[in-house]
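[1] Got a predicted structure plus its sequence, pasted below:
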Amino acid sequence: MSKVVEMTHPLIQHKISILRDKNTSLKEFRELAEEISMLMGYEVTRDLPLKEVEVETPICKTKTKVIAGKKVGIIPVLRAGLGMVEGMLKLIPAARVGHIGVYRDPQTLKPVEYYCKLPTDLPNRDLFIVDPMLATGGSASAAISFVKEHGGRNIKLVCLIGAPEGIAVVQKEHPDVDIFIGHIDERLNDHGYIVPGLGDAGDRLFGTK
């Protein structure tokens with residue numbers, strides 16, 4: 001079974017609280033999503049391998065550590081996942097970015113794929129699939145499946161808000177994928193929205209309804 005990591009850092013929790021507020025402006029919402037994603041990035045990259053190198057400081061030569069050349073891929077689930085990409089890229093600017101388009105059918109609540117463009121060397125990368133909301137888990141699970149079909153192996157799912165129902169679906173269908181969540185909320189309502197949640201993340205990021 002995969003592990004689920006809920007972020008407890010005070011800065012993350014503080015910013016998520018503002019993100020939830022219906023009065024938070026479009027500009028603030030975008031900035032907060034980026035900031036939270038960057039803060040979460042510290043945790044999700046904790047296991048990147050290191051190697052020892054020699055550098056020369058202004059004082060002397062010394063042995064120190066750098067990331068061991070492991071390639072990274074960031075894959076947002078369109079469209080809301082785009083709001084998390086820049087925060088992650090600020091930490092890992094050399095990462096390749098893929099895109100997966102999945103939408104949830106409003107009647108069946110099942111995921112439908114409409115776009116998939118990924119780096120060609122997925123098996124050689126640590127992959128972070130990013131999507132602000134983990135609600136029913138259908139879209140996230142489908143996105144993970146698409147990445148695996150293209151050869152992705154080392155995959156982590158990174159979300160701002162999640163519901164227990166969505167977590168359970170991803171863990172059942174992808175027990176090898178660890179889940180990192182800013183906050184685990186109470187439940188889903190009858191329409192498949194997270195409660196208390198923050199509304200539709202895509203609409204709040206891009207000013208649509």
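    Good, I have the coordinates.
[2] measure D47 to V77 for me?
    Note on D47: its distance to V77, by C-beta to C-beta, to the nearest Å, is 22 Å. Any C-beta I mention is one placed from the backbone N, CA and C, and that applies to glycine too.
[3] That should have said C116, apologies.
    Separation of C116 from V77 (C-beta to C-beta): 11 Å.
[4] what are the ranges of the strands in this protein?
    4-6, 50-56, 61-67, 71-78, 96-97, 99-104, 111-117, 125-130, 133-134, 154-162, 178-184, 187-188, 194-195 (DSSP state E).
[5] ok, back up a step: C116 and V77 - which one has more neighbours?
    Neighbour tally, C116 and V77, criterion other C-beta atoms under 10 Å: the higher count belongs to V77, 27 against 17.
[6] Using TSV, lay out the strands of the chain together with mean pLDDT.
    Formatted as TSV, these follow (pLDDT from 0 to 100):
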stretch	mean pLDDT
strand 4-6	97
strand 50-56	94
strand 61-67	94
strand 71-78	94
strand 96-97	95
strand 99-104	84
strand 111-117	84
strand 125-130	95
strand 133-134	96
strand 154-162	97
strand 178-184	97
strand 187-188	95
strand 194-195	96
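[7] Dump the ones you listed into CSV; add distance to N23 as well.
    Formatted as CSV, the strands of the chain follow (distance: least, C-beta to C-beta, whole Å):
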stretch, distance to N23
strand 4-6, 26
strand 50-56, 43
strand 61-67, 40
strand 71-78, 26
strand 96-97, 32
strand 99-104, 26
strand 111-117, 31
strand 125-130, 25
strand 133-134, 20
strand 154-162, 18
strand 178-184, 19
strand 187-188, 24
strand 194-195, 19
